[in-house]
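S.K.: Output the structure for:
(2 chains)
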Number of protein chains: 2
Amino acid sequence: MRVTGVVVEYNPMHNGHLYHLEQAKLVTDADAIVAVMSGHFLQRGEPALVNKWARTKMALQQGVDLVLELPVAYSAQSASLFALGSVAVLDRLGVVDTVCFGSESGDIHSLQALSSILVEEPPLFKTFLREELQKGHSYPRAASDALARYASQDTAIPSELAHMPNNMLGLEYLAALRKLNSSIAPATITRIAAGYNQETVTHPSIASATAIRKATFETGIDTAENLLPVCSFSVLQEEFAAGRGPVSWENYRQALFTLLHRATPDALAAFVGVDEGLEHRLLEAALQTETVHELILHTKTKRYTWTKIQRALTSILLGLTRQEQAALNVLQGPPYIRVLGFTKRGQTLLKAASSRASVPILTKLPKEKPNMLALDLRATRLYAQGYPTHQQGAELWDITRPVLIQN
Amino acid sequence: MRVTGVVVEYNPMHNGHLYHLEQAKLVTDADAIVAVMSGHFLQRGEPALVNKWARTKMALQQGVDLVLELPVAYSAQSASLFALGSVAVLDRLGVVDTVCFGSESGDIHSLQALSSILVEEPPLFKTFLREELQKGHSYPRAASDALARYASQDTAIPSELAHMPNNMLGLEYLAALRKLNSSIAPATITRIAAGYNQETVTHPSIASATAIRKATFETGIDTAENLLPVCSFSVLQEEFAAGRGPVSWENYRQALFTLLHRATPDALAAFVGVDEGLEHRLLEAALQTETVHELILHTKTKRYTWTKIQRALTSILLGLTRQEQAALNVLQGPPYIRVLGFTKRGQTLLKAASSRASVPILTKLPKEKPNMLALDLRATRLYAQGYPTHQQGAELWDITRPVLIQN
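M.R.: Sure, this is the predicted structure:
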């Protein structure tokens, strides 16, 4: 059985994701698809629109055979850590042949060449990176610009590659495969129709998840109906009707402002991602703003990007300090694989994986929880505070909900 | 000018308080009244129904000449600390002749005798106290019972005195006067009509503040109209109409549950008042309850009283740790006197006090703030998170609002 892995957030799963899945199956000649999916807090530092169980349901009903959870210790972190955690989960499962990701270029060889630069950091690249950082740019922007400058000297690489929005994540997947010395082969397919973060809808049935969420919040879920597969649409309708969504940062207003107003700058600076003086800007902004959107807008600078600020808010909400993070040994990859759901084919896959995985595969939670798993449980308890209607028992769903089985 | 001090919360100021003020003036032959008033968090561990400026307005319009703020380091603490802070503020002002408080007995000599037992702790009293604590009672209950047992052996003291609900606070005022070696004379007047915490309304125009708040939350402010002086009623109407009240613990639901769900037992046990295993009960209760009322109810035992739990929640919300409290040196009394408002007579009083006060009198806030004052500012920022409608700039009202002057 040829098994292909994908890294997803499905926030929510839309027509573009369906296209990507079909292409991934075709290109890699896959018999089964394993998705590693962010839980309740996502790569751009946001709480998910609906919870991970609802998003798992979308995935299993629409072409994924096995959904594994990316621990929050990776999911709301930098592209590099996010990619490392995701690829590590796929690698440790022991049965994945190929990892397939979307990119603007669709050219895996050029991406490999660029990724090597990121991993090897030749002196000239480091010089460029330092220069770009000195301009006051954020790290991801500086790295991307330095890479483009370096690549432009290498005739083997089309320099515009490094500037395409989602390529950095693709490069990080490739870098992670190398760091982990993984035997998984990389593959890429060309994205279509909508850029990763594009906010407006330009294609009749394919739009970015960002555009879909925007439409959902501004004009209601019904206006996004033709951008969503039937199953995603009905799962969202069901979740919203039950008061379990839509969830956004605004739903955590009191929690966030309370945490900011009671913190000293030093206490705030202890959280992951609150650095370079961000603590002072956040505290000042909290005194002058009313909504979380305004808070972020007021804090934002060239160096503190929207994403960096949102990730910092995630750390603050979760109470994730640098000290706690250090004890998690994130660079070694997750010490377990958490299963969120599977199909019949996924079950066969799990059976095969049971003898080949290099870490325990959890279909139910052990009594003694690794610290990284305990953090995921905390994330669920805190995510539950943002449901539009309080859901009795939702803080314990990690423990009380069985793994989703899709027949 | 004969000056009488009173210790108040005015949550809200009602007909019973008016009666008490008039009696206090009569009994002590007072020319002016100084009130030391709790700020945003009160002795029973609750956020105030309306903010301290609204409550200052009620006081100044209805017979008080000068309102001083009891720092939150004292206001949401045990009866003993609450009394010490209050009496210290009055003592340090340098112009107060008498402190007058309500009691069920109205007999200052018996109260003095009982208070001496609390201060001197004779061996037999200590034995009784230990025995009562071993029964699993809370400290205040055990102290009250031990006192009653001890007093019953002293024919000079009617033993039922120590069992009357508000007497412990009165005894603590007397104890504080002794501890501070204050020259202020104590006086007491008999309470009428409604017990301190009585929840039901039994007198046509006098009810406890507890009963008035209950009526306000359950059936609206209008049903409490005949229990309130005209001025209090109109201040409350104004505050509620502007979305600044009514404030209760339920208004802090997300903040409190978030703080509980992200805390470890050890982190929770660092807060003032979270001891004797209360941290475990709180964490467990948070997983099984939906409202703050249910949270407290679920946590409550014979030892953890409603009041103790509410005070612990105040510490948790404010982020007040035992370590921070220790650095405040609360037993030495507040290092400043904060003025919330005054009448013309109050202004004269302030002028007299300016040369006699033993600590700085603050009518506006200094740039360098004592830690105890910084904690009050934090309390205001956090209290502001519970307004029914978010009030722009309310987090900074301590700094931006001038002292209230009532002509």
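
S.K.: Alongside chain B, which residues does the stretch 201-350 of chain A contribute?
M.R.: A:252-255, A:257-259, A:261-263, A:286-287, A:290, A:317-319 (Cβ under 8 Å from any Cβ of the partner chain). Glycine gets a C-beta too; all of them are placed from N, C-alpha and C.

S.K.: Show only the entries of these found in helices.
M.R.: A:253, A:254, A:255, A:257, A:258, A:259, A:261, A:286, A:317, A:318 (DSSP state H).

S.K.: Let's have the residues you listed in TSV, adding pLDDT and neighbour count.
M.R.: Output for those, formatted as TSV (pLDDT from 0 to 100; neighbours: other Cβ atoms under 10 Å in any protein chain shown):
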residue	pLDDT	neighbour count
A:253	98	19
A:254	98	19
A:255	98	26
A:257	98	25
A:258	98	26
A:259	98	24
A:261	98	23
A:286	97	21
A:317	98	25
A:318	98	26
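
S.K.: Any idea how far the worst-scoring helix or strand of chain A on mean pLDDT is from the middle of the chain?
M.R.: Between all helices and strands in chain A, the lowest mean by mean pLDDT, DSSP states H and E belongs to helix A:139-151, at a mean of 84. Counting by Cα atoms, centre = their mean, to the nearest Å, helix A:139-151 is centred 22 Å from the centre of its parent chain.

S.K.: Spatially nearest residue to the spatially most central residue of chain A, not counting backbone neighbours?
M.R.: Nearest to the geometric centre of chain A sits residue A:43, at 3.5 Å (Cα atoms, centre = their mean). Distance criterion Cβ to Cβ, 6 or more residues apart in numbering or on different chains; nearest residue to residue A:43, sequence neighbours excluded, is residue A:82 at 5.1 Å.

S.K.: Make sure I have this right: that neighbour is in a helix.
M.R.: Yes - judged by DSSP: H, G, I helix; E, B strand; the rest coil, residue A:82 forms part of a helix.

S.K.: chain center to the helix or strand that contains residue A:346, what's the gap?
M.R.: Using DSSP states H and E, residue A:346 maps to helix A:344-354. Between the centre of helix A:344-354 and the centre of its chain there are 24 Å (Cα atoms, centre = their mean).

S.K.: Give me the contacts around the helix or strand just after it.
M.R.: Proceeding N to C from helix A:344-354, the next assigned helix or strand is strand A:361-362, under DSSP H and E. Under the criterion Cβ atoms under 8 Å, 6 or more residues apart in numbering or on different chains, residues A:93, A:336, A:337, A:338, A:339, A:350, A:353, A:354, A:373 lie in contact with strand A:361-362.

S.K.: Pull the contacting residues for residue A:328.
M.R.: When contacts are counted by Cβ under 8 Å, 6+ apart, residue A:328 is found next to A:73, A:371, A:372, A:375.

S.K.: For these, work out which two are farthest apart.
M.R.: Spanning the widest gap among those are A:73 and A:371, at 8.9 Å by Cβ to Cβ.

S.K.: ok so residue A:182 is a helix residue?
M.R.: No - counting by three-state DSSP, residue A:182 is located in no helix; its state is coil.

S.K.: my guess is it meets residue A:91, correct?
M.R.: Yes - between residue A:182 and residue A:91 there is a contact at 4.4 Å, judged by Cβ atoms under 8 Å.

S.K.: tell me the pLDDT at residue A:370?
M.R.: Looking at residue A:370, its pLDDT stands at 95.

S.K.: Count the neighbours of it for me.
M.R.: By other Cβ atoms under 10 Å in any protein chain shown, 17 other residues sit near residue A:370.

S.K.: How much space separates it from residue A:37?
M.R.: 19 Å (Cβ to Cβ, to the nearest Å).

S.K.: Quick one, grab the pLDDT at the nearest residue to residue A:251 once chain neighbours are set aside.
M.R.: The shortest distance from residue A:251 to any non-neighbouring residue, by Cβ to Cβ, 6+ apart, is to residue A:386 (3.6 Å). The per-residue pLDDT reported for residue A:386 equals 98.

S.K.: just to revisit the earlier point, which residues are contacting the helix holding residue A:346?
M.R.: A:1, A:3, A:31-32, A:34, A:60, A:64-67, A:93-95, A:339, A:342, A:361, A:363, A:405-407.

S.K.: Mind doing that once more with 7 Å?
M.R.: A:3, A:32, A:34, A:65, A:66, A:93, A:94, A:95, A:339, A:342, A:361, A:407 (Cβ atoms under 7 Å, 6 or more residues apart in numbering or on different chains).

S.K.: The nearest residue to the fourth one once chain neighbours are set aside and chain B, how far apart?
M.R.: Just to be clear, that refers to residue A:65. Closest residue to residue A:65 apart from its sequence neighbours, by Cβ to Cβ, 6+ apart: residue A:346 at 3.8 Å. Residue A:346 sits 31 Å away from chain B, going by Cβ to the nearest Cβ, to the nearest Å.
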